[in-house]
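Engineer: have a look; sequence and predicted model below, questions after that.
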Amino acid sequence: MDITVLLVNKDCLRIIQVLCSFFLFLLSLNLYGQTKENNIIISNKEDIFEFKCGKKGEIFMENKSSTEYLCHKMPKIFTISNFYDETSEIRKVNVKGVKASRPQYISYIEEGIFYSDSKVCYFNLE
């Protein structure tokens, strides 16, 4: 299964924040490795970051991410999600090798937070 997410940022400071958050997330994956109960693991993850300059001098960052999952016993439904905000957009989601639902793009609401521009793109694998 190959999943590709294209992410474009419009603000340099936000790019740095996203990169730091991403690397902290990857670190947490190593800290909380697979246990006996885990059936699905990430067998390979690749990220390509490309910085581009727009016509008006703005800087864009494109992140092409590919994740391969290994599953010994497929559950009935497995949900994949990716978070982003109003300075980012997800342009394309590709799923290969399994049946997937259409991606849903919604605002992420967190209890106790008055306003957040957090959004999530998710879809189910069947």
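Structural biologist: Okay, I see it. Since the model is a prediction, treat every value here as computed from it, not as a measurement. Numbers count the residues shown, from 1 in each chain.

Engineer: all strands of this protein, in order?
Structural biologist: 2-9, 40-53, 59-71, 78-84, 88-96, 104-107, 119-125 (DSSP state E).

Engineer: a markdown table for those strands, including distance to I113 and mean pLDDT?
Structural biologist: In this view, the C-beta of every residue, glycine as well, is placed from N, C-alpha and C. Output for the strands of the chain, formatted as a markdown table (distance: least, C-beta to C-beta, whole Å; pLDDT from 0 to 100):
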| stretch | distance to I113 | mean pLDDT |
| --- | --- | --- |
| strand 2-9 | 22 | 52 |
| strand 40-53 | 28 | 88 |
| strand 59-71 | 25 | 84 |
| strand 78-84 | 14 | 84 |
| strand 88-96 | 18 | 81 |
| strand 104-107 | 11 | 84 |
| strand 119-125 | 13 | 85 |
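
Engineer: now mean neighbour count too, for the ones you listed, in CSV please.
Structural biologist: Compiled in CSV, the strands of the chain are given as follows (neighbours: other C-beta atoms under 10 Å):
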stretch, mean neighbour count
strand 2-9, 18
strand 40-53, 12
strand 59-71, 15
strand 78-84, 16
strand 88-96, 14
strand 104-107, 11
strand 119-125, 17
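
Engineer: can you tell me which residues contact the closest residue to R102 other than its chain neighbours?
Structural biologist: The spatial neighbour of R102 that comes closest, neighbours along the chain excluded (C-beta to C-beta, 6 or more residues apart in numbering), is F123 at 6.7 Å. By C-beta atoms under 8 Å, 6 or more residues apart in numbering, the residues touching F123 are 79-80, 93, 95, 100-104.

Engineer: what's the closest of those to S65?
Structural biologist: Within these, the smallest distance to S65 is 10.3 Å, found for V93 (C-beta to C-beta).

Engineer: out of the contacts of F123, which comes closest to K55?
Structural biologist: V93 (27.3 Å).

Engineer: quick one on the thing from earlier: out of the contacts of F123, which is nearest to Y115?
Structural biologist: Set against Y115, the nearest of these by C-beta to C-beta is Q104 (21.3 Å).

Engineer: out of everything not next to it in sequence, what's closest to that closest one?
Structural biologist: Once flanking residues are discounted, Q104 sits nearest to Y122: 5.6 Å by C-beta to C-beta, 6+ apart.
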